[in-house]
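A.B. asks: Okay, sequence plus prediction incoming.
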Amino acid sequence: MTVCIRLRLMNLADLLKIMITITVFLFCGCAPEASSKEQPTKSRTEITAEKSFLPPSFEGILNRASSGKYFFDEARFYYSIGAFDNAIVKIDRAIELDQNNANFYFLRGAIHFYSGQYQTAVTDLDNAISIDATMAPVYRLRGKAKERFGERRAAAKDFDKAKLLEVEQSKNCKKE
């Protein structure tokens, strides 16, 4: 009864930490055996030196966390709820891991745009265009950013380019 009451009072994050700790503890071979014989304990370096001490599902999570896509997904989540400071931290990490992904720069440009940092947004959107010049939404957002700081002619060119790309892409969709 006391355990149930204490678990209800714990928040979800603490409960998740406990569950992960127990799972890793059991799978890494560090858990004490029920027998009375003492087994030598493994040091932390011995455990990490083993080829695989986590189940495949955990290995997938660890591999994904070392890719830019993982941080991109987290940044999109924070962006969607308006937590721009957290989103910037995550998307910066994604770009560190993969500097050739136009979507990463596009998202960072959007975050800067909606944070009111229009010049920084234009820089990131320029990077996205240099990687993939066929993304119409990038041109449209760059046009909006340029318009915000008074470059109306440059903004109009970006809007025209976005419209042209959208027409080309819709023609390609109809052919297929």
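C.D. replies: Alright, I've got the coordinates.

A.B. asks: Could you list the low-pLDDT ranges of this structure?
C.D. replies: Applying pLDDT under 70 to the chain flags residues 1-66, 174-176.

A.B. asks: let's see 80
C.D. replies: Low-confidence segments of the chain (pLDDT under 80): 1-67, 172-176.

A.B. asks: and the longest helix for it?
C.D. replies: Ranked by number of residues, the top helix in the chain under DSSP state H is helix 152-175.

A.B. asks: any residues touching that one, and which ones?
C.D. replies: Thr134, Met135, Ala136, Pro137, Tyr139, Arg140, Arg142, Gly143, Lys144, Lys146, Glu147 (C-beta atoms under 8 Å, 6 or more residues apart in numbering). C-beta coordinates here come from the backbone N, C-alpha and C atoms, glycine included.

A.B. asks: Of those residues, just the buried ones, ChimeraX syntax please.
C.D. replies: Buried residues within the contacts of helix 152-175, by 16 or more other C-beta atoms under 10 Å, are selected in ChimeraX with:
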select :135,136,139,140,142,143,144,146,147
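
A.B. asks: among the contacts of helix 152-175, which are in helices?
C.D. replies: Counting by DSSP H, the contacts of helix 152-175 place Ala136, Pro137, Tyr139, Arg140, Arg142, Gly143, Lys144, Lys146, Glu147 in helices.

A.B. asks: what sits against the fourth one?
C.D. replies: Same thing as Arg140. Contacts of Arg140 (C-beta under 8 Å, 6+ apart): Asp158, Phe159, Ala162.

A.B. asks: between the ones in helices among the contacts of helix 152-175, which is nearest Gln119?
C.D. replies: Lys146 (9.5 Å; C-beta to C-beta).

A.B. asks: Any figure for the gap between the nearest residue to Asp98 once chain neighbours are set aside and Gln99?
C.D. replies: Closest residue in space to Asp98, ignoring its immediate chain neighbours: Gly68 at 3.5 Å, by C-beta to C-beta, 6 or more residues apart in numbering. Noted for Gly68: a distance of 9 Å to Gln99, by C-beta to C-beta, to the nearest Å.

A.B. asks: and those two? which has more neighbours close in?
C.D. replies: Gly68 (20 against 12; other C-beta atoms under 10 Å).

A.B. asks: thought that one was touching Asn100?
C.D. replies: No - here Gly68 does not reach Asn100: they are 9.6 Å apart, not a contact under C-beta atoms under 8 Å.

A.B. asks: Looking at the contacts of helix 152-175, spot the one nearest Arg108.
C.D. replies: Arg142 (12.7 Å).
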